[in-house]
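Novice: pasting the sequence and the predicted coordinates here, then a few questions.
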Amino acid sequence: MTAMQIIFLLTAIVTLVSAFRVVTTPNMVHAALWLVAALVGVAVLYVLLSAPFLAVAQVVIYIGAIAILMLFVIMLTRREMRDRGPQTGKQWPWAAVLAALLFGGLVWMVQSVGLAAAPAADVPETAIADLGKALVSPNGFVIPFEVASVLLLAALIGAVYVAWTRRNS
Amino acid sequence: MIPLNWYLILAAALFALGLFGVLSRRNAVAILMGVELMLNAVNINLLAFWRYRAPVHSAGMVFAVIVFAVAAAEVAVGLALFIAVYRRFNSVAADEINLLKW
Amino acid sequence: MGILSQPIGVIAEWLRNLLLGWGLSEGLTTVLLYLVGALVVATVVQIWVIFLIWYERKIIGRMQDRLGPNRVGPYGLLQPIADVIKIITKEVIVPRGADKPLYFLGPILMNAGVLLLWAAIPLMPMVGMDINVAALYIIAVGGFATLGILLSGWSSNNKFALVSAIRTVAQMVSYEVPTVLALLIPVLLAGTMSLHGIVKAQHVWYIVFAPLAFLIFFIASVAENGRSPFDLMEAESEIVAGFHIEYSGMVFAIFYVADFLHAFTIGALAAVLFLGGWRGPGAESFPLLGFVYLWIKAFLVYSLGVWARGTVPRIRVDQLMDFSWKFLTPLALVLLVLAAVLDHFVFGLGAWTRALAHLLMNVVVGVLVLYYLERHEHARARRRRMVAQPGQYPVARPPRPAVAENPTEAAS
C-alpha cells in the first residue's frame, strides 16, 4: 500500500463519517459544520486527482459561501437556540433501505464493469490554462459557460426577489 | 496509485448518504445539505473519470466547474425560499409546510 | 552551495541527513521536514505579534498624545511579555449554555485562517511553497476565518456576540469581492496565479502599474480584517465588545494574536502582490536579504494600517455596505476590465512602457472618480440645504428658518 493510498483511505473515512453525521445529527449547526468537514475531504480528493484549481475553488465556493449562507439561514430560521424533537421524518427506515439499495447497486455496477486501475496519461502542465481557454473559446465550452453565468445572475435576482420583505403587506 | 474503483465507490457511498439525508430529514436546510453531498459525489465521479480516462482534455474539469455554478445558484435560491417560507409558516420543517395538501 | 546563497536549503539538507542518519525512511523524513518548516513559520510569525502589539500601542499612543507603554523594560518593550504572562495565568471561562466544542473551535479556525496564508507567501527566492493556484488559495483560506467568527459568536450563547458575528460575516463577505477583483489585476499582469511567479514577473513593481488596485486591495483587506475604521464588529458602544465577549484568558489571546497577525499578513500580501515581494538589490544572490526586504515592505504597509487606525473615525453600517458595493466593487471591476483590454495592446512593449501605459490609465480613472465623487458630494450638500417638505423624508426633520435656495419652495 503506497502513501497515496493511505492518504486516500484516511480522507475517505473522514469524508464519509462527516457525511454520515451531516444526515444524522439533530443539531443543525453541527450538521452544517460536518458538511464543511465532508466538503474539505472532497477538496483533498480533488488534490489527489491532481486538480488543485478545483480543490481551491471547492473551498472558496463551499466553505467561503455556501456553508456560511447555510449557517446564516439555520440561525435565522430557528425558534429557539436548541433544536427539539426528532429531526428525521417517519419515513426514515424506507429512506435508509433505498439508499442502501442504491449504494449496493452502484458498487455492483462499478465492480462488474472492470475499470482501468491506472490513469491513461499524466495531467499536462498547462491544465489550468487549458481549462481557462476551454471555458471561453468558441470551439470549447463558451455557451455552457455563458448559460451558467446567466443562471447565476437569474439565481441572484430571484433570491433577492423571493426573500424581499414588502413594506406594505 | 489509487485504483479508479476506489473513487467511484466512495462517490457512490457519498451519494447514497446524501440521498438518505434528502429523503429522511425534516428540516429543509438539512435536505439542501443532502443535495449538496450528492452534487459533490457527482463531481468526484466527473473528476475521477477525467483524471483516469481523458486528462489531456479539459471537458471533465469544465463539467465540474458548471456543477459548482449550479450548486451555488441552487443554494442561493433555495435558502431565499426557506427564508420566505419561514416568514409565512414560522418553520422550515418540510412536513409542516402542507398548504397545498388536502 | 553556501549558507549565504541558500540558507534554508543548507539547513534542510543538514536536517534531512541527520534524520536519515537516525534510520528514518525517506518518505517519513520528507513529511517531518515539511512539518518542521510549517512549525517554524507558524511560531515565528506568532512570536512576531508580541513586537507588533508593542509597536502598535506605542504608535497609537503617540498619535493620541500619550506615551504608550513605558514602564516595563526600555521604552516599555517588555510590556507585551508581561501581558502574555498575565493572560496565560487567567482563567478560561466557558459560559453556561455554550456549545463547548464549537466554542473552542472558533478561535482555532480563525487563527488557522491567518496562519495558512503564510504557507503561500514567498518569503525569499526559492523558499515557500510554490502553489500554482496560490492567488485563489489565499482567498480560500480566508473562508476559515469567517467560519471561525460565526462559530464563536453563535456558540457563546450571547446575543451581542451573535449580532456581532453576523455583522462581521456580512462585512467580510462584502469586502471579499473587491479584494478578489483587486487581486486579479496582478494575476492578470503577471499571467500566473502563483505568488512566486507574480514576484518574479515584477521587474517594475505592480504598484506602478496599478496604484488604484493597490489602494482597493489594502482598504478592502483592512475591512475584511475588521480593524478601525471598519471595526464595527467590536463597536463598544453598540455591541459591547463583539463576537469574542465571552472569551477570556488564553482563548481570547488567540483572537488577539489572529487579529494582529492578520493585519501584518495583509502587509505581506500587499508587498508580494504590489511591492515586488523579496525583490531588491542583491536579493537574488543573498536570499536572506530578500527576506529582510519583504519584511520591511510588509512592515511599511502594516504601519499604514496603524496610521489609519489612529486617525480615521469608525464608519456606520450603511456607509460600510455602500462603500463596498457601490464604490469599491464597481471601481475594481472597471479597473480589471480596462487593465485586461489595455494589456492586450501594450503586452509586447518594454516593461517601463507597459507600466507607464497602465499608470496613465489609472490616473485617468482616478481623476474621473474624484470628479464624480466631488459632484456627488455637491448634490448631497444641496439636498441637505433644501427645506424639508412634509412627507419627503422618512424621518421628520425640523424645518429650517434659513432662506431656501428655491424661492417657490419657500413661498409654498
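Specialist: Structure's in. What do you need?
Novice: tell me the contacts of C:A381?
Specialist: Going by CB atoms under 8 Å, 6 or more residues apart in numbering or on different chains, C:A381 touches no other residue. Using the backbone N, CA and C atoms, a C-beta is placed for each residue, glycine as well.
Novice: now C:S221: how far from C:L183?
Specialist: 9 Å (CB to CB, to the nearest Å).
Novice: please read the previous query as pertaining to B:V70.
Specialist: 26 Å.
Novice: who has more neighbours out of those two?
Specialist: C:L183 (26 against 15; other CB atoms under 10 Å in any protein chain shown).
Novice: which one is that one nearest to, not counting chain neighbours?
Specialist: For C:L183, ignoring the flanking residues on the chain, the nearest one in space by CB to CB, 6 or more residues apart in numbering or on different chains is C:A135 at 5.9 Å.
Novice: what is the neighbour count of A:S137?
Specialist: A:S137 has 12 neighbours, counted by other CB under 10 Å.
Novice: can you name the residue of the stretch 251-400 of chain C nearest to chain B?
Specialist: C:W325 (16.5 Å; CB to the nearest CB).
Novice: can I assume that residue is in contact with C:S174?
Specialist: Yes - C:W325 is within contact range of C:S174, at 6.4 Å (criterion: CB atoms under 8 Å).
Novice: which one's more surrounded, these two?
Specialist: Shown here are C:W325 and C:S174; by other CB under 10 Å, C:S174 has more neighbours (19 against 14).
Novice: the residue of the stretch 251-400 of chain C closest to chain B - that's part of a helix, no?
Specialist: Yes - looking at C:W325 with DSSP: H, G, I helix; E, B strand; the rest coil, it is inside a helix.
Novice: check contacts around it.
Specialist: C:S174, C:V177.
Novice: try C:I93
Specialist: C:E246, C:S248, C:G249.
Novice: ok so it is a strand residue?
Specialist: No - the assignment for C:I93, made by three-state DSSP, is coil rather than a strand.
Novice: and it, how close does it get to C:F252?
Specialist: 10 Å.
Novice: now C:M124
Specialist: Taken as CB to CB, the span from C:M124 to C:F252 is 34 Å.
Novice: which of those two has more neighbours?
Specialist: More crowded of C:M124 and C:F252, by other CB under 10 Å: C:M124, with 23 against 19.
Novice: isn't that one right up against C:E284?
Specialist: No - judged on CB under 8 Å, C:M124 makes no contact with C:E284 at a distance of 10.1 Å.
Novice: what do the two both touch?
Specialist: Contacts common to C:M124 and C:E284, judged by CB under 8 Å, 6+ apart, are C:G290.
Novice: ok, C:M129 - contacts?
Specialist: C:A119, C:A120.
Novice: for it, which three-state class applies?
Specialist: Quick answer, by three-state DSSP: C:M129 is coil.
Novice: gap between it and chain A?
Specialist: 11 Å (CB to the nearest CB, to the nearest Å).
Novice: need the pLDDT of that residue.
Specialist: For C:M129, the pLDDT comes out at 70.
Novice: try B:N27
Specialist: For B:N27, the model assigns a pLDDT of 82.
Novice: that one and B:H57, how far apart?
Specialist: Distance of B:N27 to B:H57, computed by CB to CB: 41 Å.
Novice: please say which of these two ends up with more neighbours.
Specialist: For B:N27 versus B:H57, neighbours defined as other CB under 10 Å are more numerous around B:N27 (22 against 14).
Novice: distance check, that one against chain C.
Specialist: 17 Å.
Novice: contacting residues around that residue?
Specialist: Per CB under 8 Å, 6+ apart, neighbours of B:N27: A:M28, A:Q87, B:V92, B:A93, B:A94.
Novice: what of A:T165?
Specialist: Neighbours of A:T165 in contact, by CB under 8 Å, 6+ apart: B:R87.
Novice: next, it: secondary structure please.
Specialist: Going by three-state DSSP: A:T165 is coil.
Novice: and it, how far from chain C?
Specialist: From A:T165 to chain C the distance is 16 Å (CB to the nearest CB).
Novice: again, but for B:L99
Specialist: With distances taken as CB to the nearest CB, B:L99 is found 30 Å from chain C.
Novice: that residue belongs to a helix?
Specialist: No - read with three-state DSSP, B:L99 is coil and lies in no helix.
Novice: Produce a PyMOL select command limited to the buried residues of the contacts of C:I93.
Specialist: Selecting only the buried entries of these in PyMOL, with 16 or more other CB atoms under 10 Å in any protein chain shown as the criterion:
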select buried, chain C and resi 246+248
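Novice: secondary structure for the contacts of C:I93 - can I get that in a markdown table?
Specialist: Formatted as a markdown table, those follow (three-state DSSP):
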| residue | secondary structure |
| --- | --- |
| C:E246 | coil |
| C:S248 | coil |
| C:G249 | helix |
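Novice: and A:I68, what helix or strand is that in?
Specialist: For A:I68, the element it lies in under DSSP states H and E is helix A:68-76.
Novice: A:L48 contacts A:L9, correct?
Specialist: No - applying CB under 8 Å, one finds A:L48 not in contact with A:L9, separated by 11.0 Å.
Novice: low-scoring stretches of the stretch 251-400 of chain C, by residue?
Specialist: Filtered on pLDDT under 70, the stretch 251-400 of chain C yields the residue ranges C:386-400.
Novice: oh, that last question was meant for chain A, not what I typed.
Specialist: Ranges of chain A meeting pLDDT under 70: A:1, A:79-87, A:116, A:167-169.
Novice: got the phi and psi for the closest residue to chain C within it?
Specialist: Per CB to the nearest CB, A:G64 is where chain A lies closest to chain C, at 3.3 Å. Torsion angles at A:G64 (phi, psi; degrees, to the nearest 10) stand at phi -70, psi -30.
Novice: surely it and C:L150 touch.
Specialist: No - with contact defined as CB under 8 Å, A:G64 and C:L150 do not form a contacting pair (11.7 Å).
Novice: between the two, tell me which one has more neighbours.
Specialist: Legend: neighbour count by other CB under 10 Å for A:G64 and C:L150, higher for C:L150 (27 against 22).
Novice: which element is that one on?
Specialist: Going by DSSP H and E, C:L150 is in helix C:134-155.
Novice: got the angle for that helix vs helix A:68-76?
Specialist: 10 degrees (axes from the mean of the first three to the mean of the last three CA atoms, to 10 degrees).
Novice: past helix C:134-155, which element shows up next along the chain?
Specialist: helix C:159-190.
Novice: tilt between that following helix and helix A:68-76?
Specialist: 170 degrees.
Novice: not counting the next helix or strand after helix C:159-190 itself, show me its contacts.
Specialist: Downstream of helix C:159-190, the next assigned helix or strand under DSSP H and E is helix C:195-201. Outside helix C:195-201, the residues that touch it by CB under 8 Å, 6+ apart are C:120-122, C:128, C:130-131, C:134-135, C:138, C:186-187, C:189-192, C:206, C:272-273, C:276-279.
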